[in-house]
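Undergrad: Compute the structure for the input listed below.
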Amino acid sequence: MFAVVAVAALELGGIVLSVIADQRRRLGERAIAARLLSAAVACFAVGLNWFGHGEKLAAGFFAGFSALGYLVWLIQSGNRRRDQLRATGMLPPVPPAYPVGHWMRNPWITSRARQLALADTSLGLYPSLDLARDQLRTEQRERAIAEVLRKELAKSGDRLAAKIAVTTYDLDQVAARLRDQADYSGLTSLVAARLDPTRLLNQQPAVGLALPAAPTTQPEIPVDQPSTEPEPTTQPEVAQPRVEQPAVAEPSNRGSSNRHRLEVVGERAAVRNARVLREIYPTGLPEVERQIRDRTGWSKVRVEAAVAAYLAGEDLPAESGGDADDADPELAATA
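TA: Numbers count the residues shown, from 1 in each chain. Alright, predicted model coming up:
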């Protein structure tokens, strides 16, 4: 009987000390002495129950119940203290309970969402996650832009001025302003122009020929200037190249002959393209070939060949005169 009363008094003393410590902690104090003494008294009561009984089953039973009662009291008093502190604004509100799987898959996003939910109690579970994803994505984009700006400033000749600019200006703010002033419509139009199917098809060379493709629309030829070349067909008729020496037998090297034929086709296509440019630009070509490529949709090689023929006047009709036969050595030789 005496042992039961002694143990009960010890446990009651530990609980009283815990109540005193809890009251002081609600006032903002740490109450370390009262908490340590309360824990020491509870441990002594548990040890007395364990070592005071010779039978281990009875010793474990009484010692376990003594420890359980003290722990239940600590949990209950801690809950009351946190509720009181949260009501007075000394503790943050309870955040949403995020799933364990989300914590394992996306720990950074979940941690950011929990902080946002603590700062703004109106955010729930899913709105806080969406806001956290947006903030992390924006920060990542702004860091990338700031890094590019830092590299561009470092490329300048004056390294000291670049270092001062990097140190003085808030590159994150510059990156944010660039993001806000980005011309999405202009960039979309530029990419759409690059992906135009007609333009892509015009830039592809014909199968088996490393030559620019003919324009999709042929210009109308005036009546007073009859065309001196046949209409192109599926396989364009290739005229014989102009020879500057007496005709000889057809060479046995077929590959060399095909190469000359391709060059003639390329030259005739360039003249035809030059005639198209003459129709589009009757007063003169633009200074930048890029403008011609954007308007016609031709490739760079095709534009260069057409411009060369345009400047050389190969697309212009030959002037007829009285001494035309004497001026052309081939006609004279034929005569």
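
Undergrad: and R30, which of the three is it?
TA: Per DSSP: H, G, I helix; E, B strand; the rest coil, the secondary structure class of R30 is coil.

Undergrad: Output the longest helix belonging to the chain.
TA: Assignment by DSSP state H gives helix 56-87 as the longest helix of the chain.

Undergrad: helices or strands up against that helix?
TA: helix 2-26, helix 32-51 (3 or more Cβ pairs under 8 Å, 6 or more residues apart in numbering; DSSP states H and E). (Glycine included, C-beta is placed from N, CA and C.)

Undergrad: Packing partners of the last one?
TA: I take that to be helix 32-51. In terms of contacts (3+ Cβ pairs under 8 Å, 6+ apart), helix 32-51 is packed against helix 2-26, helix 56-87.

Undergrad: want to try CSV for those, with mean pLDDT, distance to I280 and mean neighbour count as columns?
TA: CSV is the format used below for the helices and strands packed on helix 32-51 (pLDDT from 0 to 100; distance: least, Cβ to Cβ, whole Å; neighbours: other Cβ atoms under 10 Å):
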stretch, mean pLDDT, distance to I280, mean neighbour count
helix 2-26, 81, 87, 16
helix 56-87, 86, 77, 14
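
Undergrad: thinking again about what came up before, show the subsequent helix or strand relative to the longest helix of the chain.
TA: Next along the chain after helix 56-87, taking DSSP states H and E as the criterion, comes helix 100-105.

Undergrad: Now for R141, how many residues are close by?
TA: Other residues near R141 come to 13 when the count uses other Cβ atoms under 10 Å.

Undergrad: try the one 5 residues further on
TA: The number of residues packed around A146, counting by other Cβ under 10 Å, is 20.

Undergrad: May I see the helices and strands packed on helix 56-87 organised as JSON lines, with distance to A154 added?
TA: What follows is the helices and strands packed on helix 56-87, written out as JSON lines (distance: least, Cβ to Cβ, whole Å):
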{"stretch": "helix 2-26", "distance to A154": "55"}
{"stretch": "helix 32-51", "distance to A154": "54"}
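
Undergrad: Out of the ones you listed, the one nearest P99 is which?
TA: P99 lies closest to helix 2-26 among the helices and strands packed on helix 56-87, at 32.6 Å (Cβ to Cβ).

Undergrad: Run the chain-centre distance for that closest one.
TA: Centroid displacement of helix 2-26 relative to its chain, using Cα atoms, centre = their mean, to the nearest Å, is 63 Å.

Undergrad: With stretch 34-45 instead?
TA: Stretch 34-45 has its C-alpha centroid displaced from the chain centroid by 60 Å (Cα atoms, centre = their mean).

Undergrad: so where is the stretch 151-300 of the chain shaky, pLDDT-wise?
TA: For the stretch 151-300 of the chain, the stretches with pLDDT under 70 are 157, 200, 202-267.

Undergrad: Of the helices and strands packed on helix 56-87, which is nearest A97?
TA: With Cβ to Cβ as the criterion, A97 lies closest to helix 2-26 of these, at 25.9 Å.

Undergrad: what does the closest one contact?
TA: With contact meaning Cβ atoms under 8 Å, 6 or more residues apart in numbering, helix 2-26 is reached by 30-31, 34-35, 37-39, 41-42, 44-45, 48-49, 52, 62, 66, 69-70, 73-74, 77-78, 80-81, 84-85.

Undergrad: Now stretch 15-34 - C-alpha only, CSV.
TA: Only the C-alpha atoms of stretch 15-34 are listed here, as CSV (Å, rounded to 0.1, in the frame of the first residue of the first chain):
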residue,chain,number,x,y,z
ILE,A,15,2.4,16.0,-13.8
VAL,A,16,2.2,19.1,-11.6
LEU,A,17,5.7,20.2,-12.7
SER,A,18,4.6,19.7,-16.3
VAL,A,19,1.6,21.9,-15.8
ILE,A,20,3.8,24.6,-14.4
ALA,A,21,6.1,24.4,-17.3
ASP,A,22,3.2,24.5,-19.8
GLN,A,23,1.8,27.6,-18.2
ARG,A,24,5.2,29.4,-18.4
ARG,A,25,5.6,28.3,-22.0
ARG,A,26,2.2,29.8,-22.9
LEU,A,27,3.6,33.1,-21.7
GLY,A,28,6.5,32.8,-24.1
GLU,A,29,9.1,31.4,-21.7
ARG,A,30,11.0,28.1,-22.3
ALA,A,31,10.6,26.7,-18.7
ILE,A,32,13.6,24.4,-19.1
ALA,A,33,14.1,23.7,-15.4
ALA,A,34,10.4,22.7,-14.8
